[in-house]
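Enquirer: Predicted model, plus sequence, below.
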2 protein chains.
Amino acid sequence: MSRELIQHIRQFTELTDDQADFITASVSERKVLKKELLLTTGDICRVNYFVVSGCLRMFFTDEQGMERTIQFAIENWWMTDYTSKDRNVPSQYSIQAVEDSMVISLDNETSEKLFATVPAFETYFRKILQRAYAASLFRIGLLYSRSKEEMFFGFQLKYPEFVQRVPQYMLASLLGMTPEYLSELRKKTDSSVS
Amino acid sequence: MSRELIQHIRQFTELTDDQADFITASVSERKVLKKELLLTTGDICRVNYFVVSGCLRMFFTDEQGMERTIQFAIENWWMTDYTSKDRNVPSQYSIQAVEDSMVISLDNETSEKLFATVPAFETYFRKILQRAYAASLFRIGLLYSRSKEEMFFGFQLKYPEFVQRVPQYMLASLLGMTPEYLSELRKKTDSSVS
């Protein structure tokens, strides 16, 4: 239980076995089914989710009723709405399982307890937040790309595992293009590789 | 010296006077002139900048030679390239002063020392990173907006102070539109307000 989380923390900072045991005892793991919602727009987000296996997405629905995915989380990524969680306000987003997934749920109370008692846990979060923030700025840069084609190839270069794993229509939504257009682009890549 | 930084930290977490003095003694404040570069594309980023007064921007130059601003920092915001800083790799970005500014420079060695000796300093960074990360996801959501007009109004609603402060051509670059188009949009807002 929670072995993946402990391993991930140790990639960023040192953790004694006692600290690891304490973290493991504090969090809970749960299975979520494909399409299950972990957060619904309008609710207050009180949990941060760590993906042990599977895939989550965060999305909002625009005025035209279109679902817009703003990020995915696969193994070893956390997903939450920090705006809602930190300010105790209703979330603009929903979080949904893209496939059957195992997640670790970290609620506010537990995270405050862990930050206060295990300094390395806070170091870990600072470091993964630096990485997540940098990744989102990189995506903002991509969204300025002149063409959708450029954006797709930039994304594929940086996140090949995402491009393989995530359903085509969701990847299309992430990149702001139609699934049909994305399919054409992927055919181009495949033929240039072979 | 560094009073603004200490005040800002105390908005997020408690700090004893001794800790505040220690932080103040560890960092240095400097003046940067309008257009001065604090980081140049291709260099390794080793410093995190806190804006005491003025405004910085982070940008890259695309294949067409266009400068693309991916973020601004005004008072109380930090600016750095975490990808370059954390991995010790050349930066894709440049950081430039938009106007004459006062900044606090926090180099890697000093930040490691402060994180190790003042736990509240790490708590502060975790919290501002949560906020910065959430803000960048909000911007990604805006970039999916159907129209440039929608994007501008969404941005203006969330960051009215930016829209007032930042030069028109830079704001246009941030939103991916021409300065002329932005100028038209602003006229619309002004006339609807009056």
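Expert: Here it is on my side, so go on.

Enquirer: which residues does A:Gln130 contact?
Expert: B:82, B:86, B:129 (C-beta atoms under 8 Å, 6 or more residues apart in numbering or on different chains). C-beta coordinates here come from the backbone N, C-alpha and C atoms, glycine included.

Enquirer: quick one: it and A:Asp81, what's the gap?
Expert: As judged by C-beta to C-beta, to the nearest Å, A:Gln130 and A:Asp81 stand 19 Å apart.

Enquirer: ok, and which of the contacts of A:Gln130 reach chain A?
Expert: Contacts with chain A within the contacts of A:Gln130, as defined by C-beta under 8 Å from any C-beta of the partner chain: B:82, B:86, B:129.

Enquirer: From those residues, pick the one nearest A:Ser28.
Expert: B:Leu129 (25.2 Å; C-beta to C-beta).

Enquirer: who's in contact with that closest one?
Expert: Per C-beta under 8 Å, 6+ apart, neighbours of B:Leu129: A:126, A:129-130, A:133.

Enquirer: So which of the ones next to chain A among the contacts of A:Gln130 sit within strands?
Expert: Using DSSP state E, no member of those sits in strands.

Enquirer: export those residues to JSON lines and tack on pLDDT and distance to A:Glu149?
Expert: What follows is the ones next to chain A among the contacts of A:Gln130, written out as JSON lines (pLDDT from 0 to 100; distance: C-beta to C-beta, whole Å):
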{"residue": "B:Tyr82", "pLDDT": "97", "distance to A:Glu149": "28"}
{"residue": "B:Asp86", "pLDDT": "94", "distance to A:Glu149": "30"}
{"residue": "B:Leu129", "pLDDT": "98", "distance to A:Glu149": "33"}
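
Enquirer: Quick check: beta-bridge partners of the residue nearest to the spatial centre of chain A?
Expert: In chain A, the centroid-proximal residue (C-alpha atoms, centre = their mean) is A:Ala73; its distance is 2.5 Å. Per DSSP bridges, the residues bridged to A:Ala73 are A:Leu56.

Enquirer: For it, give me the pLDDT.
Expert: What the model reports for A:Ala73 is a pLDDT of 92.

Enquirer: my guess is it contacts A:Leu56, does it?
Expert: Yes: A:Ala73 lies in contact with A:Leu56 (C-beta atoms under 8 Å); the separation is 4.6 Å.

Enquirer: Give me the common contacts of these two.
Expert: A:49, A:79.

Enquirer: With adjacent residues omitted, what lies nearest to A:Gly176?
Expert: B:Tyr144 (5.5 Å; C-beta to C-beta, 6 or more residues apart in numbering or on different chains).

Enquirer: where does chain A have low pLDDT?
Expert: By pLDDT under 70, the weakly predicted segments of chain A are A:1, A:145-146, A:189-194.

Enquirer: how about the helices in it?
Expert: A:3-12, A:17-26, A:82-87, A:108-117, A:119-143, A:148-158, A:160-165, A:168-175, A:179-193 (DSSP state H).

Enquirer: possible to save the ones you listed as JSON lines with distance to A:Asp43?
Expert: As requested, those are arranged in JSON lines below (distance: least, C-beta to C-beta, whole Å):
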{"stretch": "helix A:3-12", "distance to A:Asp43": "25"}
{"stretch": "helix A:17-26", "distance to A:Asp43": "23"}
{"stretch": "helix A:82-87", "distance to A:Asp43": "8"}
{"stretch": "helix A:108-117", "distance to A:Asp43": "14"}
{"stretch": "helix A:119-143", "distance to A:Asp43": "22"}
{"stretch": "helix A:148-158", "distance to A:Asp43": "30"}
{"stretch": "helix A:160-165", "distance to A:Asp43": "27"}
{"stretch": "helix A:168-175", "distance to A:Asp43": "22"}
{"stretch": "helix A:179-193", "distance to A:Asp43": "29"}
